[in-house]
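Chemist: using only what follows, build the 3D model:
(chains A and B)
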There are 2 protein chains.
Amino acid sequence: MVSDMKVVPVLMSGGAGTRLWPASRSDRPKQFLPLVDDRTMVRATLDRLGGLAAASPLVVANAAHAELVRAELATAGYDEDRVILEPFGRNTAPAAAVAALELMKGGADPLMLLLPADHVIDDVPAFHEAAEHACALAAAGNLVTFGIVPTNPETGYGYIRAGEPIDDAAATVAEFVEKPDLATAERYLTSGEYFWNSGMFVFRCSDYLAALEEFAPEMKKACETTMDHSRRERGVHLDEDSFSGTPADSIDYAVMENTNRAVVIPLDAGWSDVGSWTALWEIARRDEAGNVLIGDVTATGTTNSYVRADGRLVTVAGVDNIVVVDTPDALLVTTLDKAQLVKNIVERLKDEGRPEATGSE
Amino acid sequence: MVSDMKVVPVLMSGGAGTRLWPASRSDRPKQFLPLVDDRTMVRATLDRLGGLAAASPLVVANAAHAELVRAELATAGYDEDRVILEPFGRNTAPAAAVAALELMKGGADPLMLLLPADHVIDDVPAFHEAAEHACALAAAGNLVTFGIVPTNPETGYGYIRAGEPIDDAAATVAEFVEKPDLATAERYLTSGEYFWNSGMFVFRCSDYLAALEEFAPEMKKACETTMDHSRRERGVHLDEDSFSGTPADSIDYAVMENTNRAVVIPLDAGWSDVGSWTALWEIARRDEAGNVLIGDVTATGTTNSYVRADGRLVTVAGVDNIVVVDTPDALLVTTLDKAQLVKNIVERLKDEGRPEATGSE
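Modeler: Numbering: from 1, shown residues only, chains lettered A, B, ... in the order given. Predicted coordinates:
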């Protein structure tokens, strides 16, 4: 039977955001930075809920970011103590499990709309429409994922192949496929059957936990034990010992690839996971020379470049296809084509014990 | 009649060095920076005199740099008050004139070896040999310039065409020619008759002043008036009013192109005028990837680049042919090919009244 209870948005704020170093650091990863506009990405994600028939959001975040999250909730007008704080990340499946357990306290069983806290969605009405459709399907017992309508043969994402149509704007999931090579991605793009795996979902809490019981019982048990042992003080502080017994896994691997109740709803709404400086360049408003110049930047003879100043004068001259990100204690210079190397750089700096890899000045 | 008096090195330190911004600023231009090794270029120029039969050097510099110059002279073991301080630059011909007038005080008439304070010469014995040869020819009444044996078809320098041989290693000057186009520069290079105009000279003081009297009498008179009105206190402080009456001109234009006593001595000694970041990259020791990485730099997949950190971590990834120069208050990113744009950038910043154009933090 379908409940009248409003869907509960659950923001998953576990990402470390190393691909946007040096702006993004462990102590303030990308979801807490105003990278796309003057709002943090958490705030933009919260603002995007306005107009949706939704309950007050719940945020699952790293305990180190508790005050950052509370400040975002408070300034967005939400309950700042509606947080679940992880001692460490265990990927999305356990995060969704503790959220479901929390939301079922006292016998409730709402739908939850699971949203990464660091994505961009430009077309909010389209997002709301898809979310409402997803809620209707989830209320009927489906495990719903959103499939982003691809705009280019992207090789950096996993894909979802749609199966049998359920209605005008939903289908069963035929299969999840790993990141393809370029030729395969081009085939996916033209087929119209494939969607980017967005990492956004709508589930009824009990349906998700039942699927976990079936496909990842150890995880479900560890999450239940964790919730039993967790401290409550301005939110839920997950018990470190119990939570360390949870396997780390994604919702896709733990549940979606195994269940026969998976449904995909196409979403064509200007989505980006903002997974690199190149992605930020792509979604930003560029000037006539193709540049995105942020802060105190002087550009001469410069084209198709992303340049971000942060306090000091940054001058670029005669360059093309360049990424420059300046921060008080670290500077990055790379190209739009090679911006994915940033992750390797951060790994290397961590190995070297460099403070710039993790903290900010 | 040839005097036994030792040649007096005269360092000309008037350059603003804007092409090496942001490291070089008006208040500390490139000759006062350790750009090539751990010594400033003034210090390297002074050190290069060691072993030459020369008197204590005299430095002509901007008054704003008086203390910088004195410190260089003192730490190099020379008389720190042997300076002529200009209220503003008037190019090299007036600088050489006031130096000649100063050196002729009390009836002396030594040779002077005029040296820009911001050049590099790697092969010191070759430089000494050429300088001694120049002194012998200048003692005989010639106005001697050094012509750098070209190593590439450089289009950024003026050239000197050698005329009739005087001896094994000197010739009359047939003509001075302006910066050529590439085809012309290639012809110059293969001809063997052309040399780069180095801006280094040896003159007997009275011969230089006599030539000025003949070709630039107004300049000579203004410089004489200036010296008469200048204040002496730990060196000569040129009188601002009188010096403002001096036309600004180079030694080449004012004298060398007009006299029939001009002689050129070829110099093949690893010379560079260090006129751009590209020049610094060229003369530096490069690693196997062709990079020059100075300071706290992390490079990944980077080739043929010049990267200079100054206090903060600088990371470069996947770039080729790039120049990155970081300072506490300004950053430059350009390419080796476009580094000459730096001069334009500084002009633009000056026009905008930016403090970073002139001073340093």
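Chemist: need the residues of chain A near chain B, please.
Modeler: A:22, A:298, A:300-301, A:307, A:309, A:312-319, A:322, A:324, A:326, A:328-335, A:337-338, A:341-342, A:344-345, A:348-349, A:354, A:356 (CB under 8 Å from any CB of the partner chain). Every C-beta, even on glycine, is put in place using the N, C-alpha and C of the backbone.
Chemist: would you write a PyMOL line that selects the buried entries of these?
Modeler: Per 16 or more other CB atoms under 10 Å in any protein chain shown, the buried members of the residues of chain A next to chain B correspond to this PyMOL selection:
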select buried, chain A and resi 22+298+300+301+307+309+312+313+314+315+316+317+318+319+322+324+326+330+331+332+333+334+335+338+341+342+345+349+354+356
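Chemist: which ones among the residues of chain A next to chain B lie within helices?
Modeler: Among the residues of chain A next to chain B, the residues falling in helices (DSSP state H) are A:Val342, A:Asn344, A:Ile345, A:Arg348, A:Leu349.
Chemist: what about the nearest residue to A:Val149 once chain neighbours are set aside, how many residues close to it?
Modeler: Leaving out its chain neighbours, the residue that sits closest to A:Val149 by CB to CB, 6 or more residues apart in numbering or on different chains is A:Asp268, at 4.0 Å. By other CB atoms under 10 Å in any protein chain shown, 15 other residues sit near A:Asp268.
Chemist: backbone dihedrals for the closest residue to A:Gly235 other than its chain neighbours, both of them.
Modeler: Leaving aside its sequence neighbours, A:Gly235 sits nearest to A:Val83 (CB to CB, 6+ apart; 3.8 Å). Torsion angles at A:Val83 (phi, psi; degrees, to the nearest 10) stand at phi -130, psi 150.
Chemist: try A:Ala222
Modeler: phi -60, psi -40.
Chemist: my guess is it contacts A:Asp241. True?
Modeler: No - with contact defined as CB atoms under 8 Å, A:Ala222 does not count as touching A:Asp241 (10.4 Å).
Chemist: so what's the closest residue in space to A:Asn142 that isn't next to it in sequence up against?
Modeler: Nearest non-adjacent residue to A:Asn142, counting by CB to CB, 6+ apart: A:Val263, 4.2 Å away. Contacts for A:Val263 (CB atoms under 8 Å, 6 or more residues apart in numbering or on different chains) come out as A:Leu137, A:Asn142, A:Leu143, A:Val144, A:Thr145, A:Ile166, A:Ala170, A:Ala171, A:Thr172, A:Val173.
Chemist: who does A:Val263 bridge with?
Modeler: A:Val144, A:Thr172 (DSSP bridges).
Chemist: if we can go back for a sec, which ones among the residues of chain A next to chain B map onto strands?
Modeler: A:298, A:300, A:307, A:313-317, A:322, A:324, A:326, A:330-335 (DSSP state E).
Chemist: packing partners for the strand or helix carrying A:Ala134?
Modeler: In the assignment (DSSP states H and E), A:Ala134 maps to helix A:124-139. Helices and strands touching helix A:124-139, by 3 or more CB pairs under 8 Å, 6 or more residues apart in numbering or on different chains; DSSP states H and E, are strand A:111-116, strand A:143-148, strand A:194-204, strand A:262-267.
Chemist: dump the ones you listed to TSV, plus distance to A:Ala162 and mean pLDDT.
Modeler: What follows is those, written out as TSV (distance: least, CB to CB, whole Å; pLDDT from 0 to 100):
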stretch	distance to A:Ala162	mean pLDDT
strand A:111-116	20	98
strand A:143-148	7	98
strand A:194-204	7	97
strand A:262-267	5	98
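Chemist: deepest-packed of those, please.
Modeler: Across the helices and strands packed on helix A:124-139, the average number of neighbours (mean count of other CB atoms under 10 Å in any protein chain shown) peaks for strand A:143-148, which reaches a mean of 26.
Chemist: following it, which helix or strand comes up?
Modeler: That would be, after strand A:143-148 and using DSSP H and E, strand A:159-167.
Chemist: what strands line up against that next one, and which way round?
Modeler: strand A:170-177 (antiparallel), strand A:194-204 (antiparallel).
Chemist: what mean pLDDT does the shortest one have?
Modeler: Pointing back at strand A:170-177 there. Mean pLDDT, computed over strand A:170-177, is 96.
Chemist: next, the angle strand A:143-148 makes with it.
Modeler: 80 degrees (axes from the mean of the first three to the mean of the last three CA atoms, to 10 degrees).
Chemist: okay, angle between the very next helix or strand once past strand A:170-177 and strand A:159-167 too, please.
Modeler: Per DSSP H and E, the first helix or strand lying C-terminal to strand A:170-177 is helix A:182-191. Computed by the same axes, to 10 degrees, the angle separating helix A:182-191 from strand A:159-167 equals 10 degrees.
Chemist: which of the residues in helix A:182-191 are buried?
Modeler: A:Thr184, A:Ala185, A:Tyr188, A:Leu189.
Chemist: now render the residues you listed as a markdown table, adding pLDDT and distance to A:Ala162.
Modeler: Shown next, in a markdown table, are these (pLDDT from 0 to 100; distance: CB to CB, whole Å):
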| residue | pLDDT | distance to A:Ala162 |
| --- | --- | --- |
| A:Thr184 | 97 | 16 |
| A:Ala185 | 96 | 16 |
| A:Tyr188 | 97 | 11 |
| A:Leu189 | 96 | 14 |
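Chemist: which one of those residues is nearest to A:Phe201?
Modeler: A:Tyr188 (21.2 Å; CB to CB).
Chemist: got the contact list for that closest one?
Modeler: A:Pro150, A:Pro153, A:Tyr159, A:Pro180, A:Tyr194.
Chemist: A:Glu102: how many residues sit nearby?
Modeler: 20.
Chemist: one more: the one 5 residues further on?
Modeler: Applying other CB under 10 Å, we find 5 residues neighbouring A:Gly107.
Chemist: got the end-to-end distance for stretch A:132-150?
Modeler: 21 Å (CA to CA, to the nearest Å).
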